[in-house]
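Asker: sequence first, then the predicted structure, then my questions.
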Amino acid sequence: MPGLASRGKPITIRRAVVIGAGGFIGRELSAVLHQTGIDTACFTRKAAFMPPVGLAHCLLTADVVFYLASSINPLLGEQHPERAQADHRLFAELLCRLAQMQDPPTVMLTSSGGTVYDPDVRPPFSEVSPTRATASYGAAKLALEEELSAYCGTIPGIILRLSNVYGPRQRATAGQGVLAHWLRAVHEGTPLRIIGDPASTRDYVYIDDVVDCMHRLLHVDRSGLLATWGNPLVLNVGSGRPTSLAELADVLRRVVDRPLVFEHLPSRGLDRAQVWLDVRRARTAIGWQARTSLTDGVREAWRAAVPAAAG
């Protein structure tokens, strides 16, 4: 994978564990880890904690545990608060197991850059911006962050606050993934829904760039990073650019090169008006920045979607 960052002597990776390997990011991350020769144990959220537990053996030799598992998104978080509670219990159980190990692996937790920061603060949001969840999803993510922070003296931790991740093979799930929903609507010949104010902004980051950030963190001196930036280390992972829904629609029009019909719906009440991340810390700490333009990323997502629709 091009552009991997390294600090001094290359870091030898024995094994990585991915919990949440069945999701959009988990699938892409697991594939890259396998392709680059890293011994990777992949678990879905449910499989990781169901007996017999193969996870326990894998943890004994793991250098890093990627925790991507979640049973909620912003909409489901409001509709099913019990799922967020169950997610928290599973993560707490994992950390409790790891804390009993003599040399626990680093835990990389994916959080939400779009829902954890205080909306009363003017963006772009940096890692030191005040946090304040205004909906259940953001509150659930902050609770997981706090759980990991409680083990700061025992478990090496990294929190990745992801902005709006998109790309090929992303499923159009209920309540999440505007571009995936729009691409499906283009193929089905139905109106593309714009929910809320078309001027509201998001920070769209391409899946390959997100996986590149995670992969880089395997090959740096993580102990040095935590000593410098704190344990857990918090990194924003985004494009560093705000894009309105209207601008995203214009990009899609150019990419698909056909007339598009949009249907405007009222706000759901849980969506933020402005999401825009300051990503300078990731560049300083590990030499990472998103490199895929929005137009190129949307084009790749469209190309991947066309064969599926044709078949």
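Answerer: It's in.
Asker: any stretches of the protein with poor pLDDT?
Answerer: The model of the chain has pLDDT under 70 over residues 1-12, 47-54, 174-175, 307-311.
Asker: which one is the residue most central in space within it nearest to, not counting chain neighbours?
Answerer: For the chain, the residue nearest the mean C-alpha position is Leu162 (4.4 Å; Cα atoms, centre = their mean). Excluding the flanking residues, the one nearest Leu162 by Cβ to Cβ, 6 or more residues apart in numbering is Val237, at 4.9 Å. Heads up, the C-betas are built off the backbone N, CA and C, glycines and all.
Asker: same deal with Val32?
Answerer: Once its chain neighbours are removed from consideration, Val32 has its nearest residue in Val211; the separation is 5.2 Å (Cβ to Cβ, 6+ apart).
Asker: buried stuff in the helix or strand in which the one you found is found?
Answerer: In this structure, Val211 is located in helix 207-218 according to DSSP states H and E. Counting neighbours by 16 or more other Cβ atoms under 10 Å, one finds that the buried residues in helix 207-218 are Ile207, Asp208, Asp209, Val210, Val211, Asp212, Cys213, Met214, His215, Arg216, Leu217, Leu218.
Asker: closest one to Arg14 out of those residues, please.
Answerer: Checking the buried residues of helix 207-218 against Arg14 with Cβ to Cβ, the nearest one is Leu218 at 10.7 Å.
Asker: the closest one against Asp63, yeah?
Answerer: Yes - A contact is recorded between Leu218 and Asp63 when judged using Cβ atoms under 8 Å, the distance being 7.4 Å.
Asker: overlap of the contact sets of these two?
Answerer: Overlap of the contact sets of Leu218 and Asp63 (by Cβ atoms under 8 Å, 6 or more residues apart in numbering) consists of Ile13, Ala16.
Asker: let's verify Ala185: helix, strand, or coil?
Answerer: What DSSP: H, G, I helix; E, B strand; the rest coil gives for Ala185 is helix.
Asker: got the phi and psi for the spatially closest residue to it that is not a sequence neighbour?
Answerer: Nearest non-adjacent residue to Ala185, counting by Cβ to Cβ, 6+ apart: Leu192, 4.7 Å away. Listed backbone geometry of Leu192 is phi -90, psi 130, with angles given as degrees, to the nearest 10.
Asker: and Gln35, how close does it get to Pro74?
Answerer: For Gln35, the distance to Pro74 equals 31 Å [Cβ to Cβ, to the nearest Å].
Asker: quick one on the thing from earlier: so what's the residue nearest to Val32 up against?
Answerer: Val211 makes contact with Ile25, Glu28, Leu29, Val32 under the criterion Cβ under 8 Å, 6+ apart.
Asker: if you set the cut-off to 7 Å instead, what comes out?
Answerer: Residues near Val211 by Cβ atoms under 7 Å, 6 or more residues apart in numbering: Glu28, Leu29, Val32.
Asker: ok, Trp288 next?
Answerer: With contacts defined as Cβ under 7 Å, 6+ apart, the neighbours of Trp288 are Ala5, Asp212, Cys213, Arg216, Ala282.
Asker: of all those, which comes closest to Ile13?
Answerer: For the contacts of Trp288, the minimum distance to Ile13 (Cβ to Cβ) is 11.9 Å, reached by Arg216.
Asker: neighbours of Leu29, how many?
Answerer: By the criterion of other Cβ atoms under 10 Å, Leu29 has 26 neighbours.
Asker: for the stretch of helix or strand it belongs to, what is the distance to the chain centroid?
Answerer: Assigned by DSSP H and E, Leu29 falls within helix 24-35. Distance of helix 24-35 from its chain centroid, counting by Cα atoms, centre = their mean, to the nearest Å, is 13 Å.
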